[in-house]
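Participant: can you look at this prediction? I've put the sequence above it.
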Amino acid sequence: MTVIGSGQIRRFQYDRHKLALLLLAGMGFVGIGYWLAFHTAPGETRQGLPVAFVGWTTLVFFGFCTVVIMWKFRTALGRDTLVLTPTGLTDHHISPVEISWQNILNVAVIRVGRAGQPLLRLEMDPAHISQLGVSRSFAWLERKIMPGLRPGVTVSAVGLDVSFGELHDIVHAYWQSHHAQPPPKPPAVGQDHPG
């Protein structure tokens, strides 16, 4: 368990090795997509339509992902991406404004994929979300990708230099410090204990 002291600020950046692996994987999938879309076996004149469709889909999707990863290498490497403080958290992908722990109704740390990369799901009042200055395209994408969830924002920690367990412990410690239920009041003298 990660122990955090009062007033401790935790800063997380992209991990160069994780980004390199993601870039390598993206380039591999782009190569597979290219092969599926354009390769013909000896003696064949055309690739089948379903195979070509899968190839083009793979090529476009992973090509976009690879460009995003290359952009992160250029712009985000060495800069704080996620900052956790006793008062709130800041994800520079979503907004430069700090999200106060008091404005977060519920928090969940979710594992993604086999590697267990962490995502944070922050349930919030829509009024607080609008104060963050979240772009309309981000809010629309959030509603379309995760329909049926309560209003909130999703913070991706994929590729950052933090493990799932460490992020889970830090986030829950900070959040619970602002949402701890007060202990029940003891009964007044001469009254029976409830229950």
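Facilitator: Cool, got the structure. The model shown is predicted, which means the values in this text are computed figures rather than measured ones. Residues are numbered from 1 along each chain as shown.

Participant: P118 and L167 touch, don't they?
Facilitator: Yes - counting by Cβ atoms under 8 Å, L167 is a contact partner of P118 at 4.7 Å. No exception for glycine: its C-beta is placed from N, CA and C like everyone else's.

Participant: check the contact lists of those two and give me the overlap.
Facilitator: Both P118 and L167 are in contact with 109, 157, where contact means Cβ atoms under 8 Å, 6 or more residues apart in numbering.

Participant: give me the domain ranges for the protein.
Facilitator: Domain ranges of the chain: 15-75, 82-179, per automatic domain parsing.

Participant: okay, those domains, which one's buried deepest?
Facilitator: domain 82-179 (a mean of 16; mean count of other Cβ atoms under 10 Å).

Participant: list the residues that contact the most centrally placed residue in the chain.
Facilitator: Nearest to the mean C-alpha position of the chain, counting by Cα atoms, centre = their mean, stands S156 at 1.3 Å. S156 sits next to 93, 119 when contact means Cβ under 8 Å, 6+ apart.

Participant: please repeat the previous calculation with a cut-off of 10 Å.
Facilitator: Residues in contact with S156 (Cβ atoms under 10 Å, 6 or more residues apart in numbering) are 81-82, 91, 93-94, 112, 117-120.

Participant: and if you look at A20?
Facilitator: 69, 73, 159.

Participant: can I get the domains of the chain in a markdown table including distance to I9?
Facilitator: Listed next are those as a markdown table, based on distance: least, Cβ to Cβ, whole Å:
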| stretch | distance to I9 |
| --- | --- |
| domain 15-75 | 19 |
| domain 82-179 | 5 |
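
Participant: mind putting those into a markdown table with mean pLDDT?
Facilitator: A markdown table is the format used below for these (pLDDT from 0 to 100):
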| stretch | mean pLDDT |
| --- | --- |
| domain 15-75 | 82 |
| domain 82-179 | 77 |
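
Participant: so which of the ones you listed gets nearest Q8?
Facilitator: Proximity to Q8 (Cβ to Cβ) singles out domain 82-179 among the domains of the chain, at 7.1 Å.
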